Structures are given as C-alpha cells and as structure tokens.
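Undergrad: what shape does this take:
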Amino acid sequence: MQTPLQITFRKLPRSDALEARIRDKVAKLEKFHPRIMSCNVVVDELDRHHHQGKQFTVRLDIRVPGHEVVVDRDHHEDIYVALRDAFDAAGRKLEDVARSQRGDVKTHEAP
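TA: Numbering: from 1, shown residues only. Presented below is the predicted three-dimensional model:
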C-alpha cells in the first residue's frame, strides 16, 4: 500500500484490539487486489436505536489504480460482526475490480 492505513473511530473510544483486527483484515484484502494504493476505515457508533442497543457501522474507502471501492452499508450490534461483513463485501468488490482489470470479464460487442 502506497499511503499508510488511516483508521478513524467516531463516538467510541480507540481500541488496540479493534485496530489490530482492522490491520489484519486490510492485509488480507491485498490477496484480492495486490495494488491497493490507500485504505481509509471509519468505525462509527450510531445512537439512533436506543431500545435495541448500540449499532456500529464500518465505512471502507479503498483506492486501486483506476477505481475506488466504497463499502458503507454494513451495521450491526456487534462491532466485530459489522467489521467482518464490511471487509467481506470489500473483498468481493475488489475481486470484481481485479477481474475486470485483467480482462476476465466478458464484454459484448456492439451491434
């Protein structure tokens, strides 16, 4: 990765264990696309579900040459489940981008 990983915690205290898990997951993303230029991770605690407990959301902004992959829809009551779901979705998107850049995706000819 060309730019250092940027991790931001909003409305919750910084956690060494959570930060280590994020760094591990980002390192595993490089097997889907080896040329990741930058990665920004934002972990946020939502306060709109008072009767259900805390909700956590994870936003990933990943830049690769020619594309930007954004995951912003994953939230859960367990912060580690939200993290897992967000990184799984990012891995699938990065895999699709890498496949299209290699030319493995079929394109239809114009009539």
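
Undergrad: what about this protein, any weak spots by pLDDT?
TA: Within the chain, the ranges that satisfy pLDDT under 70 run 1, 48-52, 74, 104-107.

Undergrad: just the strands in it please.
TA: 6-10, 38-46, 55-64, 67-76 (DSSP state E).

Undergrad: neighbours around residue 55, how many?
TA: For residue 55, the neighbour count with other Cβ atoms under 10 Å is 17. Bear in mind the C-beta positions are built from the backbone N, C-alpha and C, glycine included.

Undergrad: beta partners for it?
TA: Counting by DSSP bridges, residue 55 is bridged to residue 46.

Undergrad: roughly how far does it sit from residue 77?
TA: 6 Å (Cβ to Cβ, to the nearest Å).

Undergrad: enumerate every residue touching residue 75.
TA: Contacts for residue 75 (Cβ atoms under 8 Å, 6 or more residues apart in numbering) come out as 46, 55-58, 82.
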